[in-house]
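Asks: I need the structure of the sequence given here:
(chains A, B, C, D, E and F, ligands or ions: 12)
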Amino acid sequence: MKYIDEFRDGEVARAIAASIKAEVDAGASYHIMEFCGGHTHAISRYGLEDLLPANVRMIHGPGCPVCVLPIGRIDAAIWLARQPGVILCTYGDMLRVPGSKRVSLLKAKAEGCDIRMVYSTMDALKLATTHPDQQVVFFAIGFETTTPPTAVAIKQAQALGLTNFSVFCNHVLTPSAITQILDSPEVRELGTVKLDAFIGPAHVSTIIGSRPYEYFAEEYQRPVVIAGFEPLDVMQAVRMLVRQINDGRFEVENEFSRAVTRDGNEKAKSLVAEMFELRRVFEWRGLGMVPYSALRLKEPYAAWDAERRWDVPQDTPADNKACECGAILRGVKKPLDCKLFGTVCTPENPMGSCMVSAEGACAAYWTYGRFRDAAPGDAEGPEPESDE
Amino acid sequence: MKYIDEFRDGEVARAIAASIKAEVDAGASYHIMEFCGGHTHAISRYGLEDLLPANVRMIHGPGCPVCVLPIGRIDAAIWLARQPGVILCTYGDMLRVPGSKRVSLLKAKAEGCDIRMVYSTMDALKLATTHPDQQVVFFAIGFETTTPPTAVAIKQAQALGLTNFSVFCNHVLTPSAITQILDSPEVRELGTVKLDAFIGPAHVSTIIGSRPYEYFAEEYQRPVVIAGFEPLDVMQAVRMLVRQINDGRFEVENEFSRAVTRDGNEKAKSLVAEMFELRRVFEWRGLGMVPYSALRLKEPYAAWDAERRWDVPQDTPADNKACECGAILRGVKKPLDCKLFGTVCTPENPMGSCMVSAEGACAAYWTYGRFRDAAPGDAEGPEPESDE
Amino acid sequence: MCLALPALVTELLPDDNAKVNLGGIAKTVSLALVSDVKVGDYVIVHVGYALSVIDPEEAAQTLALFQEMGELAAEPQA
Amino acid sequence: MCLALPALVTELLPDDNAKVNLGGIAKTVSLALVSDVKVGDYVIVHVGYALSVIDPEEAAQTLALFQEMGELAAEPQA
Amino acid sequence: MTLPRRAHPRPLDIAHGRVDLTHGGGGRAMAQLVEELFIKAFDNPALNQRNDQAAFDVPAGRMVMTTDGYVISPLFFPGGDIGSLAVHGTVNDVAMAGAVPLSLSAGFIIEEGFPLADLKRIVDSMARASREAGVPVVTGDTKVVEKGKGDGIFITTAGIGMVPPGVEISGDKAQAGDAILISGTMGDHGVAVMSQRESLGFETDILSDSAALHTMVAEMIKTSPGIHVLRDPTRGGLAATLNEIATQSGIGMLIEENLVPVRPEVRGACELLGLDPLYVANEGKLICICAEADAEVVLAVMRAHPLGENAARIGTCRADSHHFVQMKTGMGGMRVVDWLAGEQLPRIC
Amino acid sequence: MTLPRRAHPRPLDIAHGRVDLTHGGGGRAMAQLVEELFIKAFDNPALNQRNDQAAFDVPAGRMVMTTDGYVISPLFFPGGDIGSLAVHGTVNDVAMAGAVPLSLSAGFIIEEGFPLADLKRIVDSMARASREAGVPVVTGDTKVVEKGKGDGIFITTAGIGMVPPGVEISGDKAQAGDAILISGTMGDHGVAVMSQRESLGFETDILSDSAALHTMVAEMIKTSPGIHVLRDPTRGGLAATLNEIATQSGIGMLIEENLVPVRPEVRGACELLGLDPLYVANEGKLICICAEADAEVVLAVMRAHPLGENAARIGTCRADSHHFVQMKTGMGGMRVVDWLAGEQLPRIC
Ligand code: SF4
Ligand code: SF4
Ligand SMILES: [Mg+2]
Ligand SMILES: [Mg+2]
Ligand SMILES: [Mg+2]
Ligand SMILES: [Mg+2]
Ligand SMILES: [Mg+2]
Ligand SMILES: [Mg+2]
Ligand SMILES: [Mg+2]
Ligand SMILES: [Mg+2]
Ligand SMILES: [Mg+2]
Ligand SMILES: [Mg+2]
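Replies: Ligands and ions are numbered 1, 2, ... in the order given. Predicted coordinates for the structure are as follows:
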């Protein structure tokens, strides 16, 4: 598979690893946050940590839209699915994520709600045309990558005059989240957390381009390398960031230049700008309330906005108090520091943001990496504690 | 079970049989038509023919509303079931009866139509209240017995203001059918068929009373005994008719006096009279077009008339030409005289009226009585012929 | 199709209904088509409706007639 | 969630769609978000939409950089 | 550093949980369901090996194998449920060859959304029936189908057993002159199930006769190893089963209506619904056809067994090229007892 | 007077007919379906006895029994259908004990309205698979459920077989140091089935690997009767199956990503859908765990068999109190290969 296989060459990986090893300053430590779950996943799935020197530590950021969606929005989606005549459809990733009382869309479906998995917004539109007597609500989630396909569907619904299609919009913005992390007291003021550099998003950047990161690099004096999601892309990005750190530079570099330009996809950007506006504030699971970090439909598209069509509940139930996601997302803690990890919180029963999808820090560690810290003698864990 | 067990006493049956045997004139023959399928069924199921002398012959009349419903009306019911949003409900007896191209309601259901079996018109009404977004059509069939329950349901639908309930009315009248048989050339003019006496309906008569038969008895000079459906009722009726024939009387006698009065059920009759009017003519399977033999809803109840709400097809496809039902119903032929009997026409695949329900002459003979004419050597029948 | 059975009325229910019993089987039927039904009556039940009330005296007479005829007939036979 | 893959455009279809191929798997995707796509191009496909066209020269340069760095690094190691 | 590690950190929420698609996916949720619900309930050495097949020793000899799917609605009925039925029905089909049942397999097809509490109730009932019968469920399988693609739960069991030497029971072995015996009243199961159908609108206290008949069969075989035919009159009732045997054996039969035991409630329900008790299903009764000479002693053995108290001889086989099953009615007349012509009955097995 | 008498005057209208409720009612319509469709297709002495159970002789020894329900959607897929799958899958579960399969039972649960033509196609395919495997379907059962209470057709098969003396294969017998072999490419079946799902929206030429593996197993056993574990990586794929074995045997495993054969199309489809080929179902592949000393010769035997051409050694068992299945990735790093955490896959078996 062209543009995939070449970027998964184990020989080359080892060569880049050797190069990184050769370049790091043995006395220094390198804290690199990959913002995107896609990078987190690649690191875990390919065991890339094993290829990096011990003093290069990867910190898994909040870049998974499934993980960061707050419980209240999942509850709201389930509420919508329970309205009579509603078919709720969404991407498969969302189905297993539990809201309040551990009810997920999958469980709501088992209770009788009409919930469908779609692979594309076009499938959702098709459902609306084939079920004219029902209300098809597309539960839209995702970063800048996933927003334009939602916009195309709404455009098409407008063109077709579809009155039984609407979007429950949960699209969020990458730059606001990065800012939030960099502005957190631990990072900015107390300096308790070292965050030396960022690997920037791959596919988000195909849309927004590399330009938005220039502000961070300068404002927060941190180097950024935009990188693809293949293992060699990640290795190379680490290599480039190590070099910038060593050099004391804080530039935006583009490892993923085969797909990302400085300005991104103008067509997609203008479509999104035409249709969506910023929410004043939006809750991110693990990060809390983040100003200007999410989108909603503009007034001319109100007819396709599920939140205007229904009086969708706006509750904000809290995560389990013991959940350490916020600290993990800022690099303050690691999954094993959470006492729920692996006892009551597992990928089958996630309690917090980081366990919700395979791209979350806790889930990736549990699923791919937990052998690393497993002592030979601790095969039987403690009795699970109640989470209520 | 009181009023059942006493009327199924084998000892008494044999005593009545002996009494009949003692009373019949060995040189004469007695042709007695039981109009009702209920009687036909009792005769077959209890093997009563074996208890009667050879010169008493029972002729099975057209008194089964399932059997006499023409194919066109079944097609129409299937047509209704196929209309979008329609739930068609009817008594279980109707489900297996094939219309054109052997499509029955059961087959239409298998194809995806929403067809429900009900045990009472109240169940049909309940369906209408629990499915407000669908049109519930009650496929109503039956004689005078079954018409009042339909009337009650319509009254109730009116009281409840149910706009999604309607009746596809196929209620038919007993007296018109008896007249049609007695007026047939074979019986009336040619004298080729002897029809000496009638056993009158049991449950139909609980509604209409015994008075309507007085006209026949006099006009056609034939004795009538109204009898219950239990085996002793039938035996006793035969006994009473043999005695009338022997005496040259032609009176209406009431063996079922425990449930039937001269005037019947006034409450039921007036309800039916208020709501229904005579159709000018109606097709009876096996008998052809019979004037003033069926009911339809009067104008004030048009809102609940499925034939006014939909443009129900009025086709009248013909039965298989080889079907001898007409002749069998008038006593001219017997089931074995039909070359389709048991080859292409069986209760699983009925080709004509008499095979349609267990109360039909051919079905009763096939199901209960066919051992009687089975020669020891003819275990393998001929190859089935095509019926098209 | 005109299947109908005599069942004992065991209880009068609201909405012109009654509970009836047949050989240990209980069922609710409508009394909308009959009048003056009492507990202890036997009614003829058809498609969930009582069509008429059984007259016990007439029933006894009919049964007596069976016996009588049977006896009459039995004599010449025996 | 931002799963996206490079696939070869094999056919342009009506309604701004294209047939793409990935390792022998054919799929129809929308070109509504990209311009000037030709058969033979590789596009990045996400939830059924092409998001961008791969620049083969940039890709080659990145690969060359891997090699070069690898070689640079390999020397002191070897 | 201690790494917590338990296969299933949180036990199944039996009280409130529902089966969802993950329980059929082959992942940890399914493994947990199997472990905490199925293996716990059925608990036997072969199953506990947790292989995709069970292994056990068998002697040389004649083996029988059978299977039945259980799709009954409602799932719970007076006198049993789909779980106990799935054990009894298949044990009985093994026993009807005169065989000693050895083991059962169980395949579950569960509709998404099915309450775990109901599943547990069914599995526990199945396990109890299996223990009482002494026939373990040694291997099983679980599939979950989407909501609307099933009906709560379907269970398909298969069973094997060993036929004692010298026993040769088969539906084609009935001979003219043989006696026809049944082990008790007809129609109890079907009527008990129908009484639970709201749409049929009747109430009764009658219980399903669902029971495992193999111990009674063992007694019968011990006394009369030469029994010709055994069969349980399930779907289609006595009528269908006698017709099957008549066709298979190429004989006719004559039975007598007055000799067929039927409970008053079953008669009542049948009158009400226009059914014939001869066509109503049984799940704890058998038909035995044996030589006239064996009839009395076999009947005595049946009557001595708790499941055969009401056993009766109902008729005799006879030569008939038409293979008619005929019946002398209570009125003294004769009729054919034909196959069922597709009546509309609720799903009763 | 001649009385026509044929059991079923009109043959089943296979071309246009549909299954309706009468086909499950125990009456003549059901008897006809069984006779003209099932018995005709499966045609073997045990089934042809038409009893509710099949009888056949078995030698003394170790027997295995297994069952699986097949609820696959779509019913027909490239390389097979639910019928052939229901034979292969159960034959394989028998073979995975090292056993020689003897016979199968088949329970059909059919939704009202299912086309008879599709039913015949499935039953014929099943009969072909059974004949080719040399394992007869000796007994069966048919139930019909109302429209909307099923999904076309579900098939549950059970199978039995005899384990050759000296063979002791079980999931709990893997030992540290054992070699882990697989018989070919992973994920072909799952991807072939998914390619038929319109909603997934992709096309490929790949065929399901559905096949009966017992002849290959027989060869393997002949050469190396001491094989420790055999198992077919079906639901949950290689990953789930290795985890099952590791847990059962109380060991860990280390496999190497580069050694696991995966077809390019399977990789492509997995990339597209965000799946991992290690979790995708197979229906004609096996995992073999044997002593290091046996590994080469077993591998050679597998490769010599048409169903094992691409057999490969993928790793080694090792002591690990955590029972981790670990994998060296193509990049040279390490990861856990965990159980499936309930991914959303179409029903693939
Ligand atoms: S293990 Fe679970 S509860 Fe703990 S930090 Fe991670 S996601 Fe939150
Ligand atoms: S056998 Fe069939 S075709 Fe012939 S007369 Fe009777 S109903 Fe008509
Ligand atoms: Mg069976
Ligand atoms: Mg059975
Ligand atoms: Mg299985
Ligand atoms: Mg359902
Ligand atoms: Mg049986
Ligand atoms: Mg199995
Ligand atoms: Mg299997
Ligand atoms: Mg069966
Ligand atoms: Mg369905
Ligand atoms: Mg297996």
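
Asks: what's the domain layout of the chain?
Replies: This is for chain A. A:20-323, A:324-367 (the TED database).

Asks: wrong one, I was asking about chain E
Replies: As assigned by the TED database, chain E contains the domains E:18-163, E:178-336.

Asks: Dump those to TSV, plus distance to ligand 1 and mean pLDDT.
Replies: C-beta coordinates here come from the backbone N, C-alpha and C atoms, glycine included. Below are the domains of chain E laid out as TSV (distance: least, CB to the nearest ligand atom, whole Å; pLDDT from 0 to 100):
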stretch	distance to ligand 1	mean pLDDT
domain E:18-163	16	96
domain E:178-336	45	96
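
Asks: right, and those - which one's nearest F:Q49?
Replies: Nearest to F:Q49 among these is domain E:178-336; the distance by CB to CB comes to 8.2 Å.

Asks: close to chain F, is the closest one?
Replies: Yes: remark: domain E:178-336 sits within contact range of chain F at E:R231, E:D232, E:T234, E:R235, E:G236, E:G237, E:A240, E:E244, E:T247, E:Q248, E:A281, E:H322, by CB under 8 Å from any CB of the partner chain.

Asks: Report the contact partners of the spatially closest residue to C:G23 that is not a sequence neighbour.
Replies: Distances taken as CB to CB, 6 or more residues apart in numbering or on different chains put E:G268 closest to C:G23, at 2.6 Å, once the chain neighbours are dropped. Going by CB atoms under 8 Å, 6 or more residues apart in numbering or on different chains, E:G268 touches B:M1, C:L22, C:G23, C:G24, C:I25, E:T204.

Asks: E:V191 versus E:G268, what's the distance?
Replies: Taking CB to CB, to the nearest Å as the measure, E:G268 and E:V191 are separated by 9 Å.

Asks: what is in contact with those two at once?
Replies: Shared contacts of E:G268 and E:V191, defined by CB under 8 Å, 6+ apart, comprise E:T204.

Asks: Would you single out the least confident of the domains of chain A?
Replies: Within the domains of chain A, the stretch with the lowest mean pLDDT is domain A:324-367, showing a mean of 89.

Asks: hang on, the earlier thing: B:Y220: which of the domains of chain A is closest?
Replies: Here domain A:20-323 is closest among the domains of chain A (CB to CB), at 58.1 Å.

Asks: now the domains of chain E in TSV, with distance to ligand 5?
Replies: Listed next are these as TSV, based on distance: least, CB to the ion, whole Å:
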stretch	distance to ligand 5
domain E:18-163	4
domain E:178-336	25
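
Asks: can you put those in CSV and add distance to B:Y30?
Replies: Formatted as CSV, the domains of chain E follow (distance: least, CB to CB, whole Å):
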stretch, distance to B:Y30
domain E:18-163, 49
domain E:178-336, 18
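
Asks: looking at the ones you listed, which is closest to B:V187?
Replies: In terms of CB to CB, the element of the domains of chain E nearest to B:V187 is domain E:178-336, at 28.3 Å.

Asks: if we can go back for a sec, I'd like the domains of chain A as JSON lines, with distance to chain E and mean neighbour count appended.
Replies: Putting the domains of chain A into JSON lines (distance: least, CB to the nearest CB, whole Å; neighbours: other CB atoms under 10 Å in any protein chain shown) gives the following:
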{"stretch": "domain A:20-323", "distance to chain E": "4", "mean neighbour count": "21"}
{"stretch": "domain A:324-367", "distance to chain E": "4", "mean neighbour count": "24"}
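
Asks: all helices for chain C, in order.
Replies: Using DSSP state H, the helices of chain C run over C:56-77.

Asks: Ok, chain E next?
Replies: In chain E, the helices defined using DSSP H lie at E:28-33, E:40-42, E:45-48, E:82-95, E:116-133, E:188-194, E:214-223, E:237-249, E:264-273, E:292-304.

Asks: before we move on, the earlier item: right, so of the domains of chain A, which gets closest to B:P148?
Replies: The closest of the domains of chain A to B:P148 is domain A:20-323. By CB to CB, the value is 37.2 Å.

Asks: chain center to the closest one: distance?
Replies: The chain centre lies 4 Å from the centre of domain A:20-323; the measure is CA atoms, centre = their mean, to the nearest Å.

Asks: One more: stretch E:247-254?
Replies: The chain centroid and the centroid of stretch E:247-254 are separated by 24 Å, computed with CA atoms, centre = their mean.

Asks: and that stretch, how far apart are its ends?
Replies: From its first residue to its last, stretch E:247-254 covers 14 Å (CA to CA, to the nearest Å).

Asks: any low-confidence regions in chain C?
Replies: Along chain C, the parts satisfying pLDDT under 70 run over C:1, C:69-78.

Asks: what angle sits between the longest strand belonging to it and helix E:264-273?
Replies: Taking DSSP state E as the assignment, the strand of chain C that covers the most residues is strand C:5-13. Per axes from the mean of the first three to the mean of the last three CA atoms, to 10 degrees, the angle that strand C:5-13 makes with helix E:264-273 is 100 degrees.

Asks: Which strands border strand C:5-13, and is each parallel or antiparallel?
Replies: Strand C:5-13 pairs in its sheet with strand C:17-22 (antiparallel), strand C:42-46 (antiparallel), by DSSP bridges.

Asks: Please identify the deepest-packed of those.
Replies: Per residue and on average, the most neighbours among these fall to strand C:42-46, with a mean of 25 (mean count of other CB atoms under 10 Å in any protein chain shown).

Asks: How far off centre is that one?
Replies: In terms of CA atoms, centre = their mean, the centre of strand C:42-46 is found 5 Å from the chain centre.

Asks: which residues are contacting it?
Replies: For strand C:42-46, the surrounding residues in contact (CB under 8 Å, 6+ apart) are B:2-3, B:145-146, B:149, B:203, B:206, B:259, C:2-9, C:18, C:20, C:22, C:27, C:29, C:31, C:34, C:37, C:50-54, C:56, E:272.

Asks: Can I have the buried ones of those residues as a PyMOL selection?
Replies: One line in PyMOL is enough to select the buried members of the contacts of strand C:42-46, burial here meaning 16 or more other CB atoms under 10 Å in any protein chain shown:
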select buried, (chain B and resi 3+145+146+149+203+206+259) or (chain C and resi 2+3+4+5+6+7+8+9+18+20+22+27+29+31+34+37+50+51+52+53+54) or (chain E and resi 272)
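
Asks: could you dump the helices of chain E to CSV with distance to F:A127?
Replies: Formatted as CSV, these follow (distance: least, CB to CB, whole Å):
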stretch, distance to F:A127
helix E:28-33, 31
helix E:40-42, 32
helix E:45-48, 30
helix E:82-95, 22
helix E:116-133, 31
helix E:188-194, 33
helix E:214-223, 31
helix E:237-249, 22
helix E:264-273, 39
helix E:292-304, 39
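
Asks: Now the residue of the stretch 51-200 of chain E found nearest ligand 8: closest residue in space, sequence neighbours ignored.
Replies: Residue nearest to ligand 8 within the stretch 51-200 of chain E: E:D52 (4.5 Å; CB to the ion). Nearest residue to E:D52, sequence neighbours excluded (CB to CB, 6+ apart): F:D93, at 4.5 Å.

Asks: Now do the contacts for the one you found.
Replies: Residues near F:D93 by CB under 8 Å, 6+ apart: E:D52, E:Q53, F:T66, F:D68, F:G159, F:D232.
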